[in-house]
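Peer 1: give the three-dimensional model of this entry:
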Amino acid sequence: MFFPGLFRKSAEPLTSRDLSELIGLSYDTYSGRRVSPQLAMQLTAVFSCVRVLAESVGMLPCSLYEQLERGNPQADPTQEKIDVFYIDSKTQEDNENIQFSLSSPADLQGIKIPTRQIHSLCTWCIRGQYRKSPCGYTGTRYFDGSGYPTDDPAEDRCGGLMSDCKKRFGDTEQLPFGGFPGSALLRR
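Peer 2: Below you'll find the predicted structure:
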């Protein structure tokens, strides 16, 4: 043999990583670890997948629930107020973490809070939502805009006062009144 040490039998097989190091296809990084082109492509693919997943998750709804120890036995689970937040933007990204900022739907739509004025008139009546949600009156007692009874459903108008609500729903019933009755007590 011309080169007796070149073709000796090895106890372990040679992997592609070992071969790339032997022929010089890997490079030292700043951290001192050797990275081959294949490993670099794998890391880039992993980071790309994480980025795509993070951007896809940004379009999904997110729910947060809190389990209380004692709870409330009279609580109605259908009356839960669900908070909705959207992932607005990516605020920070590095090799290990991606951080997002959240926004409420009001932020994205440019809505200013509060949307209602504080006065003694019913907001639902003022906005033309009488007999619609959230007023929800479906009864057959009809009154005109001044609060006088009428038999004609076409003349049925709500005056927007608490007394109009009581005439329709009853004095002792829970009222869906959209105003603030106590605001009439505040004078300039």
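Peer 1: so where's the protein shaky on pLDDT?
Peer 2: 1-47, 49, 57-67, 108, 110, 113-114, 187-188 (pLDDT under 70).
Peer 1: check which helices and strands the strand ranked longest in it sits against.
Peer 2: Secondary structure of the chain per DSSP state E: the longest strand is strand 86-93. If you count contacts as 3 or more C-beta pairs under 8 Å, 6 or more residues apart in numbering; DSSP states H and E, strand 86-93 packs onto strand 98-103, helix 105-109. Glycine gets a C-beta too; all of them are placed from N, C-alpha and C.
Peer 1: helix or strand right after the shortest one?
Peer 2: Going back to what we said before, that points to helix 105-109. The helix or strand immediately downstream of helix 105-109 is helix 123-126, counting by DSSP states H and E.
Peer 1: I'd like to know which elements the helix or strand following that following helix is packed against.
Peer 2: Sequence order places strand 142-143 as the next helix or strand after helix 123-126, per DSSP H and E. Counting contacts by 3+ C-beta pairs under 8 Å, 6+ apart, strand 142-143 packs against strand 149-150, helix 162-169.
Peer 1: residues of the longest one that come out buried?
Peer 2: To tie it back to what came earlier, the one meant is helix 162-169. Residues 162, 164-165, 167-169 are the ones in helix 162-169 that count as buried (16 or more other C-beta atoms under 10 Å).
Peer 1: ok, these vs residue 128, which is closest?
Peer 2: residue 164 (14.9 Å; C-beta to C-beta).
Peer 1: leaving out sequence neighbours, find the closest residue to that closest one.
Peer 2: Once flanking residues are discounted, residue 164 sits nearest to residue 158: 5.2 Å by C-beta to C-beta, 6 or more residues apart in numbering.
Peer 1: can you classify the one you found by secondary structure?
Peer 2: coil (DSSP: H, G, I helix; E, B strand; the rest coil).
Peer 1: there's contact between it and residue 130 in this structure, I believe.
Peer 2: Yes - the pair residue 158 and residue 130 passes the contact test of C-beta atoms under 8 Å, sitting 4.3 Å apart.
Peer 1: what do those two both touch?
Peer 2: residue 137 (C-beta atoms under 8 Å, 6 or more residues apart in numbering).
Peer 1: returning to what we had before: same list, the helices and strands packed on strand 86-93, but as TSV with mean neighbour count and distance to residue 90 please.
Peer 2: Output for those, formatted as TSV (neighbours: other C-beta atoms under 10 Å; distance: least, C-beta to C-beta, whole Å):
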stretch	mean neighbour count	distance to residue 90
strand 98-103	13	6
helix 105-109	10	16
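Peer 1: just give the number of residues close to residue 117.
Peer 2: 11 (other C-beta atoms under 10 Å).
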